[in-house]
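K.L.:
Please find the sequence and the predicted model below.
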Amino acid sequence: MYVVVIVLTVIVSILLIGIVLIQKSKGGGLSSQFGNASSVMGVRQTNSFLEKTTWTLAGLIVFLSIVSAYTMPKVSDGTQIRTTTSAPAPAMPAGGEFGTPAPEAAPAAAPAPAETPAQ
């Protein structure tokens, strides 16, 4: 269900982008193409249609966003989300530039054995 809501949100968003790009910033837009009085859709009807479509698509995006928040998969309490950790990157050698050998490092000291308290 969550994937369906997300796909619908993407489709509505693309339609909204198209409707907004059709409109002209000064109020002309698609209606300037239908300036003839004998056209089927007059100037006022085209602007009204574009405005209503814009508001409808914007409302659909808000609605789908709320629905997606409720249908999002949830993690049950008591379980942890598994994260993968990558191994640490190997340390760079302490040598100089251009591949000069690194100086000999002292061997690491072994940890001292833990003492047990006397009874």
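P.N.:
Ah, there it is.

K.L.:
Regarding this structure, what is its longest helix?
P.N.:
In the chain, ranked by residue count with DSSP state H as the criterion, the top helix is helix 43-71.

K.L.:
which parts of it are buried?
P.N.:
The neighbour-count check on helix 43-71 (16 or more other CB atoms under 10 Å) flags 43, 46, 47, 50, 53, 54, 57, 60, 61, 64, 67, 68 as buried. Where C-beta positions appear, they are placed from N, C-alpha and C, glycine not excepted.

K.L.:
any idea of the mean pLDDT in it?
P.N.:
Per-region confidence: helix 43-71 scores 88 on mean pLDDT.

K.L.:
and if you look at stretch 15-30?
P.N.:
Here the average pLDDT along stretch 15-30 is 79.

K.L.:
by contact count, what packs against the longest helix of the chain?
P.N.:
The contact analysis (3 or more CB pairs under 8 Å, 6 or more residues apart in numbering; DSSP states H and E) places helix 43-71 against helix 2-22.

K.L.:
Provide the angle between the direction of the helix it packs on and the direction of helix 43-71.
P.N.:
160 degrees (axes from the mean of the first three to the mean of the last three CA atoms, to 10 degrees).

K.L.:
CA atoms only for helix 2-22, dumped as PDB, please.
P.N.:
The C-alpha coordinates for helix 2-22 follow below in PDB (Å, rounded to 0.1, in the frame of the first residue of the first chain):
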ATOM      1  CA  TYR A   2       2.900   2.400   0.900                       C
ATOM      2  CA  VAL A   3       4.500   1.900  -2.500                       C
ATOM      3  CA  VAL A   4       1.200   2.600  -4.300                       C
ATOM      4  CA  VAL A   5       0.800   5.900  -2.400                       C
ATOM      5  CA  ILE A   6       4.300   6.900  -3.200                       C
ATOM      6  CA  VAL A   7       3.800   6.100  -6.900                       C
ATOM      7  CA  LEU A   8       0.600   8.100  -7.000                       C
ATOM      8  CA  THR A   9       2.400  11.000  -5.300                       C
ATOM      9  CA  VAL A  10       5.100  11.000  -7.900                       C
ATOM     10  CA  ILE A  11       2.500  11.000 -10.700                       C
ATOM     11  CA  VAL A  12       0.500  13.800  -9.200                       C
ATOM     12  CA  SER A  13       3.700  15.800  -8.700                       C
ATOM     13  CA  ILE A  14       4.700  15.400 -12.300                       C
ATOM     14  CA  LEU A  15       1.200  16.500 -13.400                       C
ATOM     15  CA  LEU A  16       1.400  19.500 -11.100                       C
ATOM     16  CA  ILE A  17       4.800  20.500 -12.600                       C
ATOM     17  CA  GLY A  18       3.300  20.300 -16.100                       C
ATOM     18  CA  ILE A  19       0.200  22.400 -15.200                       C
ATOM     19  CA  VAL A  20       2.400  25.100 -13.500                       C
ATOM     20  CA  LEU A  21       4.700  25.200 -16.500                       C
ATOM     21  CA  ILE A  22       1.700  25.700 -18.800                       C
END
